[in-house]
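**Student:** my questions concern the predicted model and sequence given below.
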Amino acid sequence: MKVKNRLGLEVAPPELAFGIWMAVFDAFSDFVSIQDNDGTVLYVNKALAEALEKNPADIVGVKFDDLLGGIKSTPGDYTSHTKVKERPSSMMIYSRSLRKYFGISPFTVSTGEGLPSCVVRIWHDITEAKHLRDKLEVEYKRELSLRKKLQDEINQRSDFVTTLVHEIRTPLTPILASSEILYDTLKEEPYKSLARNIHRGAIMLNERVDELIELARVESGTIKLRIYPIDLRQLIQDVIQYMTPLTDIAGQSLTTRVPGKDLLIEADGARIKQVLLNLITNASKYSPVGAKINVEARKQNGGVMIVVEDNGPGISPDLLNLVFKPYNHKNKSLLNLSGLGIGLPLSKSLIELHGGTMQVVSEVGKGCTFSLFLPLKYSGTGAES
């Protein structure tokens, strides 16, 4: 039997339509309940009735809120919307009797002239998902706490380094100026050589202080790059020109292989020059007389690869992963390094701030090869263009 709605279309009568819905819902493994306009339960499917250990007829006729209370749901875990005229909302409840969490999703079913006549609520068992979410929330809060502690420690170390640098530079500034004037003034030996040694020592100490404060800025995230187009070919040639007299004094050869045309990239030229000077200085410092140091640059994979290699004593494979770790005196002794051991960690951090990478390979007795990759276009953050 069919009836016509107000549009003149033949449809099943409300009673038949409702019966079809119940037949479908009885096959569901999820719980299903239907309530009318007054919030009265019209139907529960077999799965819900069996879970409550009741006959469906005993549940029909009760109020929806009473149904929730009947399964001993935790008070305050849900917001009741019993009126169909009000927009039904999803809710979550915890059933103490079933020891499960349920997410209850509603939708309206229309009968007779297309008017809403009841609300169907499907109860999804979300117990495992709820436990997982609670666990993730606990882990998230724990991570936030650890991150805050770590940031506090970084800030404390940065503040300590800043204070230390200030305390060192205050007496160092007049030593630098006075030793330079003394060296220029003295003519007789050994006094002139002594003044030169004092001045060189003051310069080296000032450089170590600069490295220390730079690494502290990197770790605290306060360092700023000045990004602009630079000709990497010209920059490398400037570095080679600066370092050649020093390697000549050490009895070493310094060569370069770069493209014959401009090699333009977006970078902080001063920082890249700082990295190259550090690598070449280290190669010279830890290599014997007669060592060969070569700097090469080439385009590769949408960027530029810079290679600094030497044929010095090299580093054993089991110690290579230590060269980029700062503040580790044990590592420094194993690697036979002098100074604070922060030049390489700082260099690697500066390259990574550019969106690049820095790697090292070495073999004992055959030297070291440091490879720097820099993208042609800077795409990072925290830079001053």
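**Tutor:** Arrived safely, thanks for sending. Numbers count the residues shown, from 1 in each chain.
**Student:** show the pLDDT at Leu353.
**Tutor:** Predicted confidence (pLDDT) for Leu353: 92.
**Student:** what is the closest residue to it other than its chain neighbours paired to in the beta sheet?
**Tutor:** Residue nearest to Leu353 in three dimensions, not counting chain neighbours: Leu225, with 5.9 Å by Cβ to Cβ, 6 or more residues apart in numbering. Where C-beta positions appear, they are placed from N, C-alpha and C, glycine not excepted. For Leu225, the beta-bridge partners under DSSP bridges are Ala383.
**Student:** ok, Ala297 next?
**Tutor:** Residues in a beta bridge with Ala297, per DSSP bridges, are Ile306.
**Student:** contact partners for it?
**Tutor:** Leu232, Arg233, Ile236, Arg257, Val258, Pro259, Leu263, Val304, Met305, Ile306, Val307 (Cβ atoms under 8 Å, 6 or more residues apart in numbering).
**Student:** counting by contacts, list what the helix ranked longest in the chain packs against.
**Tutor:** Counting by DSSP state H, the longest helix found in the chain is helix 127-185. Judged by 3 or more Cβ pairs under 8 Å, 6 or more residues apart in numbering; DSSP states H and E, helix 127-185 is in contact with strand 100-111, helix 191-220.
**Student:** neighbours of the residue nearest to Leu186 when sequence neighbours are not counted, how many?
**Tutor:** In space, and not counting its chain neighbours, Leu186 is closest to Lys192: 4.4 Å by Cβ to Cβ, 6+ apart. By the measure other Cβ atoms under 10 Å, the count of residues near Lys192 is 15.
**Student:** thinking Lys192 is in contact with Tyr183, fair?
**Tutor:** Yes: with contact defined as Cβ atoms under 8 Å, Lys192 reaches Tyr183; the gap is 6.6 Å.
**Student:** please enumerate the shared neighbours of these two.
**Tutor:** With Cβ under 8 Å, 6+ apart, Lys192 and Tyr183 have no common neighbours.
**Student:** circling back to that earlier point, any idea how far the longest helix of the chain is from the chain center?
**Tutor:** Distance, stretch centre to chain centre, for helix 127-185: 18 Å (Cα atoms, centre = their mean, to the nearest Å).
**Student:** same check, this time on stretch 281-300
**Tutor:** 34 Å.
**Student:** now the residue nearest to Phe28 when sequence neighbours are not counted: how far from Glu214?
**Tutor:** The shortest distance from Phe28 to any non-neighbouring residue, by Cβ to Cβ, 6+ apart, is to Asn45 (5.7 Å). Distance of Asn45 to Glu214, given as Cβ to Cβ, to the nearest Å: 69 Å.
**Student:** so for these two, which sits in the more crowded spot?
**Tutor:** A direct count of neighbours by other Cβ under 10 Å for Asn45 and Glu214 places Asn45 higher, at 24 against 19.
**Student:** tell me the pLDDT of the more buried one.
**Tutor:** So, for Asn45, pLDDT stands at 88.
**Student:** any figure for the gap between it and Pro190?
**Tutor:** Counting by Cβ to Cβ, the gap from Asn45 to Pro190 is 103 Å.
**Student:** my guess is Leu374 contacts Glu352. True?
**Tutor:** No: Leu374 is beyond contact range of Glu352, at 10.4 Å (criterion: Cβ under 8 Å).
**Student:** so the two - more neighbours on which side?
**Tutor:** Set side by side, Leu374 and Glu352 show more neighbours around Leu374, with 22 against 13, by other Cβ under 10 Å.
**Student:** please, which helix or strand holds the more buried one?
**Tutor:** For Leu374, the host element (DSSP states H and E) is strand 367-375.
**Student:** leaving out the residues flanking it, which one is nearest to Leu279?
**Tutor:** Leu279's closest residue in space is Val308 (Cβ to Cβ, 6+ apart), at 4.4 Å.
**Student:** meant to ask about Gln252, not that
**Tutor:** Nearest residue to Gln252 in three dimensions, chain neighbours excluded: Ala291, at 4.7 Å (Cβ to Cβ, 6+ apart).
**Student:** report the contact partners of that neighbour.
**Tutor:** Gln252, Ser253, Ala283, Ser284, Asp310, Asn311, Gly312, Gly367.
**Student:** in CSV, list these along with secondary structure.
**Tutor:** CSV is the format used below for the contacts of Ala291 (DSSP: H, G, I helix; E, B strand; the rest coil):
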residue, secondary structure
Gln252, coil
Ser253, strand
Ala283, helix
Ser284, helix
Asp310, strand
Asn311, coil
Gly312, coil
Gly367, strand
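**Student:** highest neighbour count among these?
**Tutor:** Ala283 (27 neighbours).
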